[in-house]
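Colleague: here are the coordinates; sequence isn't available:
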C-alpha cells in the first residue's frame, strides 16, 4: 500500500497558496484492507474512506470508463492493480494531476507524469488527456479555475476541446445541481468575470445561461454607461462584487440584475424602459432551471426590480422612501436589505470611470431604514385598539408614522441644503 497527496493541495503548495484541504490516493490497497486499518467508508460511487484520526479523505486509485452522456455516465473501476499514473490520467487539468508522498513539495519531490509543474510555471490551464471530453463538468471547472488563477490562460487545445464538447451536446446533459455548484464557486472567486468569459468563448454560456449570453452586444446609453456594451457592464459589476467581498446572494443578484436588457426591442435601444420587470421574470426561469437557493433568488428578485429606484433614491420624498423600503421588505428583513444595497453599489460602480466613485445611496437608505425602525409599532397598535381602530386602519397609521419619522430625518438635511 502506497499513499500519495494529490490534486489541489499539491498544486497550491507549488503556487505558494494556502492549503485548506488535503486529498489522498491509496495505491495497491483493497477496501477490506482500509477497513482493517480503521478507515471509515463514505463513498457511494467509488471507494473513498475517512482517516480514523484526521478525517481527511483517502480514495483508492481508480480508473473511469465512459458509459453514457453527461457527467454521471461513467463506470468506475478500482483495484490494487491501478497505478498512480492511471489514476492521475483521469483528472481534469495537468495542474491538478500532480502527486507527492510527503506534505512538503518541491520540484524534485513530486510525481508529475503530465508536466503539471511546467504548466504552473507557464500559468496555463491544460487538460490532461483526451478523456477530458467525457465529463462536461470539466468545462465549468476550467472556467472556475480561470476565475481563481487570474494570471493563467486556457491552452488553445483545451479551449478547442471544450468547443467540440459543446457542439456535440455534452453540456446539454449537465445536471442542474452541478451547474449551480460550479457557478456558485466561480462567482465567489477573485475575478468571476473570467469564468463567464471562458464559458462564453467555448459556447457553453449560450447553453447554460442564454439569458446572460445574449447581453453582449446590447448597447446602453453612453451618458450613464460609458462602457456601452451591457455584457461588458455585467462583467465589471461582478468583479466589483468580488472587490467589495460580497457574499454569494449579492454576487448572484449582480449576475442577473440586467437580464431584461437582452430582450429590449431593437427600435427602443439604447434605452431599456421596463427592463427591471423583464429581468425579474427571466430570473424566475433561471432560478428554477438551476435550482438556485431561496436566499439567492429572493435577493436577486428585489435587486432586479428595484435597483433603478434605489439608484434614484436621493430624489425621493419621505413617503416614496417608505414605499421603497416596504417593497424591498427591508423592515422585516434588514440583513437582506443590506445585501440588496451592496448589490446596487456594485451595479453603480461597475461602470467605466465610476469604479472609485462613492455610492451615498447605500448609507443613506440604511439611515432611512433606521429612522423607520425607530417607530414603535406596538404602541401605535395599542393606541389604535383603545380607540376601537383595527385591521387595515392600524397598518395605515403605522405607515404614516414611518413616513413622518423619515420626514423628520430628512428635515435637517433639507435645512443644510
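Modeller: Good, I have the coordinates. Quick caveat: nothing in here was measured; it's all calculated off a predicted structure.
Colleague: got any ranges where this structure has weak pLDDT?
Modeller: Across the chain, the ranges flagged by pLDDT under 70 are 44-46, 65-76, 102-108, 413-417.
Colleague: ok, now how distant is the nearest residue to residue 150 once chain neighbours are set aside from residue 138?
Modeller: For residue 150, ignoring the flanking residues on the chain, the nearest one in space by CB to CB, 6 or more residues apart in numbering is residue 191 at 4.6 Å. Placement of C-beta: from N, CA and C, glycine included. Distance, residue 191 to residue 138, using CB to CB, to the nearest Å: 20 Å.
Colleague: the helices in the stretch 301-417 of the chain, which residues?
Modeller: Applying DSSP state H, counting those that start in this stretch to the stretch 301-417 of the chain gives helices spanning 318-327, 334-349, 360-373, 377-386, 392-416.
Colleague: Take those helices and write them to a markdown table, including mean neighbour count.
Modeller: Conversion of the helices of the stretch 301-417 of the chain to a markdown table gives the following (neighbours: other CB atoms under 10 Å):
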| stretch | mean neighbour count |
| --- | --- |
| helix 318-327 | 18 |
| helix 334-349 | 22 |
| helix 360-373 | 17 |
| helix 377-386 | 13 |
| helix 392-416 | 15 |
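Colleague: ok so, going back, so between residue 191 and residue 138, which is more surrounded?
Modeller: Between residue 191 and residue 138, residue 138 has the larger neighbour count (other CB atoms under 10 Å), namely 24 against 19.
Colleague: For the more buried one, list the residues it contacts.
Modeller: Residues near residue 138 by CB atoms under 8 Å, 6 or more residues apart in numbering: 92, 127, 132.
Colleague: which residue sits closest to the second one, ignoring its sequence neighbours?
Modeller: What sits nearest to residue 127 in space, not counting adjacent residues and going by CB to CB, 6+ apart, is residue 158, at 4.7 Å.
Colleague: Likewise for residue 410?
Modeller: If the residues on either side of it in the chain are set aside, residue 410 comes closest to residue 318, at 5.7 Å by CB to CB, 6+ apart.
Colleague: Now do the contacts for that neighbour.
Modeller: By CB under 8 Å, 6+ apart, residue 318 lies in contact with 403, 404, 406, 407, 410.
Colleague: any idea how far the last one is from residue 364?
Modeller: This means residue 410. Counting by CB to CB - residue 410 and residue 364 are separated by 10 Å.
Colleague: shared neighbours of these two, which are they?
Modeller: If you check residue 410 and residue 364 against CB under 8 Å, 6+ apart, no residue is contacted by both.
Colleague: Does anything pack onto the strand or helix carrying residue 254? Which helices or strands?
Modeller: Residue 254 is part of helix 248-256, with elements assigned from DSSP states H and E. In this structure, helix 248-256 packs against helix 176-187, helix 210-213, helix 230-243, helix 275-290, helix 294-311, helix 334-349, with contacts taken as 3 or more CB pairs under 8 Å, 6 or more residues apart in numbering; DSSP states H and E.
Colleague: Let's see that with 6 Å instead.
Modeller: helix 230-243, helix 294-311, helix 334-349 (3 or more CB pairs under 6 Å, 6 or more residues apart in numbering; DSSP states H and E).
Colleague: Report the angle between that helix and helix 176-187.
Modeller: Using axes from the mean of the first three to the mean of the last three CA atoms, to 10 degrees, the direction of helix 248-256 lies 90 degrees away from that of helix 176-187.
Colleague: Residue 403 is in contact with residue 321, isn't it?
Modeller: No: in this structure, residue 403 is not within contact of residue 321 by CB atoms under 6 Å, at 8.3 Å.
Colleague: how about the strands in the stretch 101-250 of the chain?
Modeller: Secondary structure of the stretch 101-250 of the chain (DSSP state E, counting those that start in this stretch): strands at 124-125, 153-154.
Colleague: now those as TSV including mean neighbour count and distance to residue 355?
Modeller: Below are the strands of the stretch 101-250 of the chain laid out as TSV (neighbours: other CB atoms under 10 Å; distance: least, CB to CB, whole Å):
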stretch	mean neighbour count	distance to residue 355
strand 124-125	22	27
strand 153-154	20	24
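Colleague: Could I get the contacting residues of the residue lying farthest from the centre of the chain?
Modeller: No residue in the chain sits farther from the centre than residue 387, which is 52.2 Å out by CA atoms, centre = their mean. Applying CB atoms under 6 Å, 6 or more residues apart in numbering to residue 387 gives no contacts.
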